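Undergrad: A structural model of the following input is requested.
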Amino acid sequence: MRSRPLFPTDGKKQRISFRHLLAFTCNPSYSRFMHSLRQIFALLFVWGIGLACAGAADKIRVSSFSTVLTEIAQKIGGDRVEVTGHIKPGIDPHEFEPKASDIRTVTNADLVLLSAKHMEGYVAKLKDSIGTKGHVVEVGDQKMQSLKLVDRSEHEVEDPHWWHSPRNLIIATKVVRDELTKISPADKALFAANATAYINRLEVLDDWVRAKVSELPRDKRKLVTNHDAFGYFARDYGFTVMPISGVAKNDQPGSKNVAELIAKIKASGVKAVFSEDVANPKVVQEITRETGAKFGGELLSDGLGTGEAATVEGMFKHNVKTIVDALK
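TA: Take a look at the predicted model:
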């Protein structure tokens, strides 16, 4: 049996009137057509949501407690990772404490990245939170030679500021690559290629730093900053660090320490003194006033910055240009 046409026609071009339109919408064929169409759209919608959720679930969830490690994880993992950076630029990692929201995110992470070398005092808390679900990696403790510092209690401790050395950054990149590969062996080739590309950039960066530092005679490579954060940088590029305070930038130096530093600066003929992001500038101002040295600028000591300094490469270029240009 032939079904009735939705619109009656005699083969000639007709103008559709309101009466025709009303007849069309009341036609049983139209109702069946619209019902089928609604079912198709509903199925497509559910299917699309399912694919999106499956794609999100497949991603490796990474929690990073270092702005530097956040970048490394993103570069190595690419689209296969979802990285949460718990520490943002401008936050002092020495003083940071995870909030309840951080802990909730960590409990769902497949991989947790920490600077370590005793930078974070909350490692045990994170390990308790994550249990056996994810893997906690203290990156700075992996195959990196530690320099030593003296803390406010006059105890010798590991220098946790390893990221000021491209050599250490290359080690960190390999650590993150290997940890991601353990979680997703099928992506080994992708992670290896991304790591190789990132390491090549770090090697180019190291060459650039050496060329820029070579503009500065060795007897002028004396670095006065708020706290003892540039030991690895000094080791790699031939500087002497003269810190105002100890491991943390908010450690308050005693008047005797400041007086000794002022005498040392005068005797060494240091041309410039540097402050650091989110550090108290008062002591630096006092030292420049007492020594006649100029204020050399602000350095990024405990992680990445913002704008052009929001990447590892940008952080290094900002710091090195600031140091070399001020000390010439």
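
Undergrad: neighbours around Leu111, how many?
TA: The tally of other residues near Leu111 (other CB atoms under 10 Å) stands at 23. The C-beta positions use only the backbone N, C-alpha and C, and glycine is treated the same way.

Undergrad: could you find the closest non-adjacent residue to it?
TA: Nearest residue to Leu111, sequence neighbours excluded (CB to CB, 6 or more residues apart in numbering): Val62, at 4.8 Å.

Undergrad: give me the phi and psi for that neighbour.
TA: Per-residue torsions, Val62: phi -120, psi 130 (degrees, to the nearest 10).

Undergrad: next: Glu95.
TA: Residue torsions, per degrees, to the nearest 10, at Glu95 are phi -100, psi -10.

Undergrad: report pLDDT for it.
TA: You'll see Glu95 listed with a pLDDT of 87.

Undergrad: how many neighbouring residues does it have?
TA: 12.

Undergrad: the closest residue to Val106 other than its chain neighbours: helix or strand, and which one exactly?
TA: Computed as CB to CB, 6+ apart, the closest residue to Val106 that is not its neighbour in sequence is Ser63, at 4.9 Å. Following DSSP states H and E, one finds Ser63 within strand 60-64.

Undergrad: that older thread, isn't the residue nearest to Leu111 right up against Arg80?
TA: No - between Val62 and Arg80 there is no contact under CB atoms under 8 Å: 10.1 Å.

Undergrad: of the two, who's got more company?
TA: Val62 (26 against 17).

Undergrad: show me the strands in the stretch 1-150 of the chain, by range?
TA: 60-64, 81-85, 111-114, 135-138, 148-150 (DSSP state E, counting those that start in this stretch).

Undergrad: sorry, slip of the keys, the one I care about is the stretch 201-328 of the chain.
TA: 222-225, 240-243, 272-276, 294-299.

Undergrad: what pLDDT is listed against the residue nearest to Val106?
TA: For Ser63, pLDDT reads 97.

Undergrad: quick one: contacts for it?
TA: Residues counted as contacts of Ser63 (CB atoms under 8 Å, 6 or more residues apart in numbering) are Thr84, His86, Asp102, Thr105, Val106, Ala109, Leu111, Val112, Leu113, Gly134.

Undergrad: neighbours of Thr107, how many?
TA: Neighbour tally, Thr107, other CB under 10 Å: 14.

Undergrad: what separation do you get for the spatially closest residue to it that is not a sequence neighbour and Lys182?
TA: By the measure of CB to CB, 6+ apart, the closest residue to Thr107 outside its immediate chain neighbours is Ser129, 5.4 Å from it. Counting by CB to CB, to the nearest Å, the gap from Ser129 to Lys182 is 21 Å.

Undergrad: the more surrounded of those two?
TA: Legend: neighbour count by other CB under 10 Å for Ser129 and Lys182, higher for Ser129 (20 against 12).

Undergrad: my guess is that one contacts Ala109, does it?
TA: No - in this structure, Ser129 is not within contact of Ala109 by CB under 8 Å, at 9.5 Å.

Undergrad: adding pLDDT and distance to Glu203, write the contacts of Ser63 out as JSON lines.
TA: Shown next, in JSON lines, are those (pLDDT from 0 to 100; distance: CB to CB, whole Å):
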{"residue": "Thr84", "pLDDT": "98", "distance to Glu203": "29"}
{"residue": "His86", "pLDDT": "97", "distance to Glu203": "29"}
{"residue": "Asp102", "pLDDT": "94", "distance to Glu203": "34"}
{"residue": "Thr105", "pLDDT": "93", "distance to Glu203": "33"}
{"residue": "Val106", "pLDDT": "93", "distance to Glu203": "33"}
{"residue": "Ala109", "pLDDT": "93", "distance to Glu203": "30"}
{"residue": "Leu111", "pLDDT": "95", "distance to Glu203": "25"}
{"residue": "Val112", "pLDDT": "95", "distance to Glu203": "28"}
{"residue": "Leu113", "pLDDT": "97", "distance to Glu203": "22"}
{"residue": "Gly134", "pLDDT": "81", "distance to Glu203": "31"}
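
Undergrad: quick check, nearest of the residues you listed to Asp178?
TA: Leu111 (11.0 Å; CB to CB).

Undergrad: low-confidence ranges, the chain, go.
TA: Applying pLDDT under 70 to the chain picks out residues 1-57, 132, 151-153, 246-254, 278-280.

Undergrad: ok, which stretches of it are helices?
TA: Secondary structure of the chain (DSSP state H): helices located at 18-26, 28-58, 67-77, 100-107, 123-130, 166-183, 188-213, 231-237, 255-268, 282-291, 312-327.

Undergrad: redo these as CSV? Include distance to His155.
TA: Formatted as CSV, the helices of the chain follow (distance: least, CB to CB, whole Å):
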stretch, distance to His155
helix 18-26, 84
helix 28-58, 46
helix 67-77, 26
helix 100-107, 29
helix 123-130, 19
helix 166-183, 23
helix 188-213, 32
helix 231-237, 16
helix 255-268, 16
helix 282-291, 22
helix 312-327, 28
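
Undergrad: mind checking how far Ala189 is from His135?
TA: 21 Å.

Undergrad: more neighbours, the two?
TA: His135 (14 against 9).

Undergrad: just give the closest residue to that one, not the sequence neighbours.
TA: Leu111 (5.5 Å).
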